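Student: Got a predicted structure plus its sequence, pasted below:
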Amino acid sequence: MSNILEREIKYIGGVGEVRARLLEREVGVRTIGDLLMRFPYRYIDRSTVRSIGEINETMESTFVQIRCRVVGKSFVGEGRKQRFVVEVTDKSGSAELLWFQGAKWIEKRIELHREYMVFGRPSFYHGRLSIAHPEVEPVEQALSRKVESGFQGIYASTERLSQLITVKGMYNIVHNAWQMVASDSKAFADPLPEDMRRRNGLISLREAIYNIHFPQSAEALKSAKYRLKYDELLGVQLTIQARRTERHAKSVGFIFPRVGDNFNAFYHTKLPFKLTGAQQRVIKEIRSDMVSGKQMNRLLQGDVGSGKTMVAFMSMLLAVDNGFQACIMAPTEILARQHYATMSRFAEGLPNVRVAILTGASKARERRAALEGIAKGEVDILVGTHALIEDGVQFMNLGYVVIDEQHRFGVEQRAKLWTKNHQTPHILVMTATPIPRTLAMTLYGDLEVSVIDELPPGRQPIRTYHYYDSARLKMFGFLRQEIAKGRQVYIVYPLIKESEKMDYKDLYDGFESITRDFPLPRYRTTVCHGKMKNEDKEAAMAQFKRGEADILIATSVIEVGVDVPNATVMVIESAERFGLSQLHQLRGRVGRGGEQSYCILMSGDKLSKEGRARLDAMCATNDGFELSELDLKLRGAGDIHGTQQSGDAFELNIANLATDTQIMELTRNEAIAILESDATLDRAEHSGLRTLRDKHRRRERIDFSDIS
Ligand code: ADP
Ligand code: MG
């Protein structure tokens, strides 16, 4: 890197010691290079001057520029509450400029009857336009000032920082910094090989840096962003792909060559239905990993109800048939119990498969049986919760681990399972919260990805409706009809924090109102929530599953995995309080049998924009992948369930994992090709690429290679 970029910012015109210190403390900018690598987060078109009359409420808090004359100025209020008010007009109307701080200083600089350019964020009080703390500049001066570009970049600031450096001040500082850099041709030398740039139609880095700060046109800004995102994502991909190659090279896995008695017996005599094409394909993919000699690390994505459990069970039989133990870890007690029941039933009558369960709620006897069984090799399949990874759980020869509903488990927990063995078992992580493929490739670059993209036959798409609370009676009427047909209903209430008793208030209020509003004929209702004792929870679930209750009133503890095919209606109360993936999960509890199923989203009358977008999306599609793409766009990548930890791993400056999927694909392919010829990027012509890669090496907080 050229020296000029390493110079401290205090040498930039308009900065000095005090501002330099503040910039470093507030936003971590120490050098000229740091400063120029902080890009504007938005731009305003300073070539546009608006008239006061055309500014309306829709422009509130976006920046506007007006040209106006001062017709009055005064101090209003006393002491600390004092503010300085300037009355301005143009031909189209009048407005108020306000200062709550620095009023004395401003007052001296504003002259009555003089004309100014005013720049700031409008707001409206009682229909009157006012601008607080605007930038103000005499018109003659503003018009004579040379600007680098009509678009002015706005840089992220902090409260402290903005007191010392205005929006325009920041722009000027960056401008001065660029002047210093412009004469040094070595600064921002291009890290990408010439042919790669040409192949991908990229402008030079220098051009990109200039245009990101001072866009000469909308077009130029677009090319600049594209180039800078490209560099960033290429760095990410070089990091991930290198690690993946490394892992593959040194990975050793158990080999399960046999398809044995248990698998065959199950497949030929016990399989309760025909596997879907997707299930078959995924089982084959798993099997080919299990004979490859490399340790499998596979992510299985399949929408709710796509039949992941069967894939898990049959692939566990492959391990068992080769003399190894397998385990499956579920995120909740209820789900673990359900898997245990299902798998015990599947295993019945098979030549040699013993199934046990271990959860946090296991009683001493159950616990001892499980622990002894797995230590002595008398248990082949262990089903459980987090309890599986506690110390003291010792397998005799664990060969295969399935983690169900991955989004509930953190990455660290995943890591812990590995260490239970001298040799790492094969791992299958199953998730019903589909992550868009490109994002999965980035977040889980070290995982292979399998997708079940087909639902079992005969499923009818769930119909989803959104009702406002005022239409509650209509909803009850509908429930009556369905129950009369012999179907069962879930009613789910939000649960904000699992730790607070208060949150059950909603549920019990709801329960009461249902038994009150809904008395005839008497419906059999049961309640299930996370604060109940496990036995009670299970009893309630079992009762519902056996068809002995018409309505199950629950919190989102039933979100994942619960399988009651006769339930056809899912009512979600205060649906606007749930996230999109949670709503989709909950909806997945119905539509599991052949009957038409329904999801009813109840909400208050007032909805936020995002809240409405979520409910609309739910009504529009049943496709989990589509919803997760949308979720990603609404919330940003870092927020997606279960990717919190891993989402942080790459702190991106300009690229967006949710939306820059095309660049992600391109850079991924480039990275793979480059690493094939130069795995460590030691070649001289790759020194720039090395820099891009190492930026991310340093930044990463979680090292995925520790996990695999
Ligand atoms: P998920 O992928 O959400 O975990 P499950 O494994 O719980 O889905 O399966 C949902 C339901 O579909 C279960 O009742 C299961 O028995 C049934 N099922 C799974 N695969 C098939 C299939 N190939 N044909 C018919 N039903 C199936
Ligand atoms: Mg499941």
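Tutor: It's in. Ligands and ions are numbered 1, 2, ... in the order given.
Student: For ligand 1, what is the nearest residue in the stretch 351-500 of the chain?
Tutor: residue 456 (3.3 Å; Cβ to the nearest ligand atom). C-beta here means a position set from N, CA and C on the backbone, and glycine is covered the same way.
Student: neighbours around that residue, how many?
Tutor: Counted with other Cβ atoms under 10 Å, the neighbours of residue 456 add up to 18.
Student: which residues touch it?
Tutor: Each residue near residue 456 by Cβ atoms under 8 Å, 6 or more residues apart in numbering is listed here: 273, 276, 305, 306, 307.
Student: Could you report the separation of the third one from ligand 1?
Tutor: Read it as residue 305. Distance, residue 305 to ligand 1, using Cβ to the nearest ligand atom, to the nearest Å: 5 Å.
Student: Could you list the contact residues of the stretch 151-300 of the chain toward ligand 1?
Tutor: Neighbours of ligand 1 within the stretch 151-300 of the chain, by Cβ under 6 Å from any ligand atom: 273, 274, 275, 276, 279.
Student: Now, those residues that are in helices?
Tutor: residue 279 (DSSP state H).
Student: are any of the residues of the stretch 151-300 of the chain next to ligand 1 buried, and which?
Tutor: 275, 276, 279 (16 or more other Cβ atoms under 10 Å).
Student: Would you check that the first one makes contact with residue 284?
Tutor: No: Residue 275 lies out of contact with residue 284 (Cβ atoms under 8 Å); the separation is 10.7 Å.
Student: Give me the pLDDT value at the residue lying closest to residue 145 once chain neighbours are set aside.
Tutor: Distances taken as Cβ to Cβ, 6 or more residues apart in numbering put residue 137 closest to residue 145, at 7.9 Å, once the chain neighbours are dropped. Residue 137 is assigned 87 on the pLDDT scale.
Student: Now do the buried residues in the strand or helix carrying residue 137.
Tutor: Secondary structure assignment for residue 137, by DSSP states H and E: strand 135-138. Of all the residues in strand 135-138, those buried under the rule 16+ other Cβ under 10 Å are 135, 136, 137.
Student: what packs against that strand?
Tutor: Applying 3 or more Cβ pairs under 8 Å, 6 or more residues apart in numbering; DSSP states H and E, one finds that strand 135-138 contacts strand 115-120.
Student: centre of the chain versus the strand it packs on, how much separation?
Tutor: 41 Å (Cα atoms, centre = their mean, to the nearest Å).
Student: and the closest residue to residue 109 other than its chain neighbours, bridged to which residues?
Tutor: What sits nearest to residue 109 in space, not counting adjacent residues and going by Cβ to Cβ, 6+ apart, is residue 136, at 7.6 Å. Beta bridges link residue 136 to residue 118, judged by DSSP bridges.
Student: Residue 110 is in contact with residue 136, correct?
Tutor: Yes: counting by Cβ under 8 Å, residue 136 does reach residue 110; the two are 6.8 Å apart.
Student: Give the intersection of the neighbour lists for those two.
Tutor: Shared contacts of residue 136 and residue 110 (Cβ under 8 Å, 6+ apart): residue 116.
Student: circling back to that earlier point, could you measure the residue nearest to residue 145 against residue 668, distance?
Tutor: From residue 137 over to residue 668 the distance is 48 Å, taken as Cβ to Cβ, to the nearest Å.
Student: how distant is the helix or strand hosting residue 338 from the center of its chain?
Tutor: If you go by DSSP H and E, residue 338 is part of helix 333-347. Counting by Cα atoms, centre = their mean, helix 333-347 is centred 30 Å from the centre of its parent chain.
Student: One more: stretch 296-311?
Tutor: Distance of stretch 296-311 from the chain centroid (Cα atoms, centre = their mean) equals 20 Å.
Student: what's the first-to-last distance across that stretch?
Tutor: Taking Cα to Cα, to the nearest Å, stretch 296-311 runs 15 Å from one end to the other.
Student: Up against ligand 1, what does this structure have?
Tutor: By the criterion of Cβ under 6 Å from any ligand atom, the positions of the chain lying close to ligand 1 are 273-276, 279, 302, 304-310, 432, 456, 561, 563, 565, 592.
Student: right, and residue 177 touches residue 37 too?
Tutor: No: contact criterion Cβ under 8 Å: residue 177 and residue 37 do not qualify, at 10.9 Å.
Student: neighbour count winner among the two?
Tutor: Taking other Cβ under 10 Å, residue 177 and residue 37 do not tie; residue 177 has more neighbours (26 against 16).
Student: element containing the residue in the stretch 101-250 of the chain positioned nearest to ligand 1?
Tutor: Nearest to ligand 1, among the residues of the stretch 101-250 of the chain, is residue 244, at 26.8 Å (Cβ to the nearest ligand atom). Assigned by DSSP H and E, residue 244 belongs to helix 218-250.
Student: which residues are in contact with the following helix or strand past that helix?
Tutor: Where DSSP H and E defines the elements, the next helix or strand beyond helix 218-250 is helix 261-265. With contact meaning Cβ under 8 Å, 6+ apart, helix 261-265 is reached by 314, 317, 318, 320, 321, 349, 350, 351, 352, 353.
Student: wait, is the fourth one part of a strand?
Tutor: The one in question is residue 320. No: looking at residue 320 with DSSP: H, G, I helix; E, B strand; the rest coil, it is helix, so not inside a strand.
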